[in-house]
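Enquirer: A predicted structure for the sequence below; I have some questions about it.
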Amino acid sequence: MTDPALVRSSAAAPWGAAADERVRPAGARKRRRQLWSYLFVVPAVLGMGFGFVFPLVTVVRNSFYAGSFYKLSFVGFDNYRFIFGDDVFIRSLTNNFRLLLTVPFMTIVALLVAVILNDGIRGWKVYRSSIFLPYILPAAGIGLTFSVFLQFNGGLNTFLRSVGLSSIAADWLGSQTWAIWSVGGVVVWQQLGFGVVVFLAALLSLPPEVTEAARIDGASWWQLQTKIHVPQIRTAIEFFMVTEAITVLSWVFTYVYVLTLGGPGNSSSVMEFYIWKNGFAQGSVGLANAAAVVVLLIASVLIAIYLRLRARPDAGARL
Amino acid sequence: MSTPTIAVAPLSTVETPSRRKRKQPLRSALIFLSMVLIAIVMLYPFYFMVDTSLQSNDQFLHGGGHSLDSWSSLNSALPWGRQMVNSGIVCAFAIVVILIVSSLAGFSFAKLQFRMSTFVLLGVVAAMLIPVQSIIIPVYVNVAHLHLLNTYVGAVIVYAALGTPFATFLMTAYYRSIPDDVIEAGIIDGLSYSKVFLRVALPLSVPALITITVLQFIQIWDDLLVGLLFLQNPEQRTITVALGALAAGRTTDVPVLMAGSIMSAVPAIAVYLVFQRFLINGLTAGIGK
């Protein structure tokens, strides 16, 4: 930490006494700078203490208690024993892992679209905008639209029947097998544009010389994409996959709430929904807290991976 | 599909570097078809939304015809004017708080660097990824203890606290990109750190502030969970929460629900179209090169 002011004042040393007077304020400035840095960060730290640190500690502690929001009694590991014996919780956990399978799928589709758009298709900006549009819409409105669209006599099945595919027209939201995959499909529909935007930004920033060299060496279009372009944006791809894994693990509540309310018969419940239902709708706060700790444990693995990626030299905004 | 002749293709100087010139008709057609297919899949639900909203419930159920019934009865099912004002109030105040807190903290992390600042910043990044659902119960209890449930203030505090980590991360990254010399010059000119922040750093960071405003606006406007828990009174409901409640009530009038969905999405779409550049910059800032 070389304070330029300090360098300047010590360079002025030949002036003797005058120089001493100039050096001292620099030390004082360092202290003042420390003081200001703390002052500036205090509001954020307070906010995070209120919004994250305190709740985290409380959730972990309260997962060993049962009772209502305001009156708790210690029950040890009973909450955990209960939820791991609870079919609904196991189903919710499994559903979250099912949703994880959408991540590679949307990554591949988004990559394909981005690679094609990067190839200089006319009107690529319009494409990018329309594919990205769902990402900024309220999930509640999207969920609502799809809850109608995916009904047995809704838009999708009407379309399928009209093109002679009535055999695959299923009761997308009303069947125990399909409901969670329908939720996953809507999530893919909404998140796809995010992937395209991220990958396209990474592709557009690649040095053109490498592409040109490969082309001169006779690389085919496919080789150019798989051997030259995609490897160069590996970091962006990994970031996207981790971010989306966290998304389908812990940000799909709205879809489930609006599309299926966890039904039919809890078949499309996810962990978030389990927490909400137990904590707020049924008042079993202890169970909700134990489920929350399970979510946090899984999320912390993903967050650790994310932080490791961030330490890479080519990871956008560095820490 | 590789043609060996390309290997000896002359190094033409007029060729644009990253865009292909040689087009193969089959591939072009395939690409065109797949893009059309994707565009249909992405946009058809929007068409469905608009088309359905332009039918009466009877027309929707029995097929055929269009009318403006659902739009004229929308206001009684979903008092959207009032609810948009609610959404606007909550968004505006939460965003102001987020901007103040995150720009101060970002400046501190990037330019002042207290002891352990890297460690705290790591916590900030972790916080922006923490599943909200898993920590919302204690927050709810806290807000209840403060008697701020079902008040704008309570919702604003919660939204601000939840939005701060990502905003702080973006501000830190942005201030890092401003050379230290700019800040040092201000100090040497005799400005205090608070004045350097206000007069030098803050004006330079306007693009980042716009990005955060746009991102947070869309996020808070679209949010269902926090609103559902912290603003339960119909008088304070945001439009998204009201729509969610209407849907969960299993209203049978589908066209009205579609009209409501469109209504609730219009402000977010408008902001997106106007500030698209800032939004995309912000979203891609954290990721990759």
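Expert: Done, it's in. Residues are numbered from 1 along each chain as shown, chains lettered A, B, ... in the order given.
Enquirer: what's the pLDDT at residue B:106?
Expert: Note on residue B:106: pLDDT of 93.
Enquirer: what is the neighbour count of it?
Expert: 29 (other Cβ atoms under 10 Å in any protein chain shown). C-beta: built from backbone N, CA, C; applies to glycine.
Enquirer: I'd say it and residue B:166 touch.
Expert: No - the criterion here is Cβ atoms under 8 Å, and residue B:106 misses it with residue B:166 at 11.2 Å.
Enquirer: now for the two: what residues contact both?
Expert: When contacts are counted by Cβ atoms under 8 Å, 6 or more residues apart in numbering or on different chains, the set common to residue B:106 and residue B:166 is empty.
Enquirer: what's the neighbour count on residue 276?
Expert: No chain specified, so I'll use chain A. Per other Cβ under 10 Å, the neighbour tally for residue A:276 reads 25.
Enquirer: that was the other one, I meant chain B.
Expert: By other Cβ under 10 Å, neighbour count at residue B:276 equals 17.
Enquirer: pLDDT score for it?
Expert: pLDDT recorded at residue B:276 is 85.
Enquirer: likewise for residue A:15?
Expert: So residue A:15 comes in at 34 (pLDDT).
Enquirer: who's in contact with the nearest residue to residue A:54 once chain neighbours are set aside?
Expert: Spatial nearest neighbour of residue A:54, chain neighbours left out: residue B:138 (6.6 Å); criterion: Cβ to Cβ, 6 or more residues apart in numbering or on different chains. Residue B:138 makes contact with A:54-55, A:58-59, A:62, according to Cβ under 8 Å, 6+ apart.
Enquirer: swap in 7 Å and give it another go.
Expert: A:54-55, A:58-59 (Cβ atoms under 7 Å, 6 or more residues apart in numbering or on different chains).
Enquirer: in ChimeraX, select just the buried ones from these.
Expert: Selection of buried members from the contacts of residue B:138 for ChimeraX, criterion 16 or more other Cβ atoms under 10 Å in any protein chain shown:
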select /A:55,58,59
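Enquirer: please, where are all the strands along the stretch 201-319 of chain A?
Expert: With DSSP state E, counting those that start in this stretch, there are no strands along the stretch 201-319 of chain A.
Enquirer: just for it, where's the confidence low?
Expert: Counting by pLDDT under 70, the low-confidence segments of the stretch 201-319 of chain A come to A:314-319.
Enquirer: okay but residue A:279 is in contact with residue A:288, surely?
Expert: Yes - checked against Cβ atoms under 7 Å, the pair residue A:279 and residue A:288 is within contact range at 3.2 Å.
Enquirer: among the two, which residue is more densely surrounded?
Expert: residue A:288 (28 against 23).
Enquirer: pretty sure that one sits against residue A:282.
Expert: No - taking contacts as Cβ under 7 Å, residue A:288 lies outside contact range of residue A:282: 8.8 Å.
Enquirer: for the helix or strand harbouring residue B:124, packing partners?
Expert: Assigned by DSSP states H and E, residue B:124 falls within helix B:117-129. Applying 3 or more Cβ pairs under 7 Å, 6 or more residues apart in numbering or on different chains; DSSP states H and E, one finds that helix B:117-129 contacts helix A:285-310, helix B:152-176.
Enquirer: where does the prediction get shaky in chain B?
Expert: B:1-23, B:249-251, B:285-289.
Enquirer: in it, which spans are strands?
Expert: With DSSP state E, there are no strands along chain B.
Enquirer: need the pLDDT of residue A:18.
Expert: On the pLDDT scale, residue A:18 gets 39.
Enquirer: let me know how buried the closest residue in space to residue A:195 that isn't next to it in sequence is, in neighbour terms.
Expert: Among residues not flanking residue A:195 along the chain, residue A:110 sits closest, at 2.9 Å (Cβ to Cβ, 6+ apart). Here the count is done by other Cβ under 10 Å, and residue A:110 has 25 residues near it.
Enquirer: equivalent analysis for residue B:102, please.
Expert: Number of residues near residue B:102 (other Cβ under 10 Å) recorded here: 29.
Enquirer: next one: residue B:279
Expert: The tally of other residues near residue B:279 (other Cβ under 10 Å) stands at 23.
Enquirer: then residue B:142?
Expert: Neighbour count for residue B:142, taken as other Cβ under 10 Å: 18.
Enquirer: relative to residue B:136, how far out is it?
Expert: Per Cβ to Cβ, to the nearest Å, residue B:142 is found 11 Å from residue B:136.
Enquirer: swap in residue A:103?
Expert: Residue A:103 is 24 Å from residue B:136, by Cβ to Cβ.
Enquirer: more crowded one of these two?
Expert: Taking other Cβ under 10 Å, residue A:103 and residue B:136 do not tie; residue B:136 has more neighbours (27 against 24).
Enquirer: which residues are in contact with that one?
Expert: residue B:229.
Enquirer: sorry, back to before: for the residue nearest to residue A:195, what are phi and psi?
Expert: Main-chain torsions, residue A:110, degrees, to the nearest 10: phi -60, psi -40.
Enquirer: so what's residue A:184 up against?
Expert: Counting by Cβ under 7 Å, 6+ apart, residue A:184 makes contact with A:98-99, A:102.
Enquirer: ok, it to residue A:178 distance?
Expert: 10 Å.
Enquirer: what do you get for residue A:46?
Expert: 46 Å.
Enquirer: who has more neighbours, the two?
Expert: Of the pair residue A:46 and residue A:178, residue A:178 is the one with more neighbours under other Cβ under 10 Å, namely 18 against 13.
Enquirer: residue contacts, that one?
Expert: A:170-172 are the contacts of residue A:178 under Cβ under 7 Å, 6+ apart.
Enquirer: and what of residue B:55?
Expert: Contacts of residue B:55 by Cβ under 7 Å, 6+ apart are B:65-67, B:255.
Enquirer: can you select the buried ones among those for me in ChimeraX?
Expert: The ChimeraX selection below is limited to those of the contacts of residue B:55 classed as buried (16+ other Cβ under 10 Å):
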select /B:255
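Enquirer: among the contacts of residue B:55, which are located in helices?
Expert: In this view, the contacts of residue B:55 that belong to helices under DSSP state H are residue B:255.
Enquirer: output the contacts of residue B:55 in JSON lines; the columns should cover distance to residue B:125.
Expert: Below are the contacts of residue B:55 laid out as JSON lines (distance: Cβ to Cβ, whole Å):
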{"residue": "B:65", "distance to residue B:125": "54"}
{"residue": "B:66", "distance to residue B:125": "50"}
{"residue": "B:67", "distance to residue B:125": "52"}
{"residue": "B:255", "distance to residue B:125": "44"}
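Enquirer: how many neighbours does residue B:181 have?
Expert: Neighbourhood size, residue B:181 [other Cβ under 10 Å]: 10.
Enquirer: swap in the one 5 residues further on?
Expert: Residue B:186 has 18 neighbours, counted by other Cβ under 10 Å.
Enquirer: quick revisit: tell me which of the helices and strands packed on helix B:117-129 lies nearest to residue B:217.
Expert: Across the helices and strands packed on helix B:117-129, residue B:217 has its closest neighbour in helix B:152-176 (10.2 Å, Cβ to Cβ).
Enquirer: ok, residues contacting stretch B:219-232?
Expert: Taking Cβ under 7 Å, 6+ apart as the rule, stretch B:219-232 contacts A:138-140, A:253-254, A:257, A:280, B:87, B:90-91, B:94, B:132-133, B:136, B:140, B:143, B:149-150, B:154-155, B:158-159, B:163, B:237-238, B:240-241, B:244, B:267-268.
Enquirer: which parts of that stretch are buried?
Expert: Within stretch B:219-232, the residues scored as buried using 16+ other Cβ under 10 Å are B:219-231.
Enquirer: chain neighbours aside, what residue packs nearest to residue B:129?
Expert: Nearest residue to residue B:129, sequence neighbours excluded (Cβ to Cβ, 6+ apart): residue A:303, at 4.9 Å.
Enquirer: tell me the residues that contact both of residue A:279 and residue A:288, please.
Expert: Common neighbours of residue A:279 and residue A:288 (Cβ under 7 Å, 6+ apart) are residue B:137.
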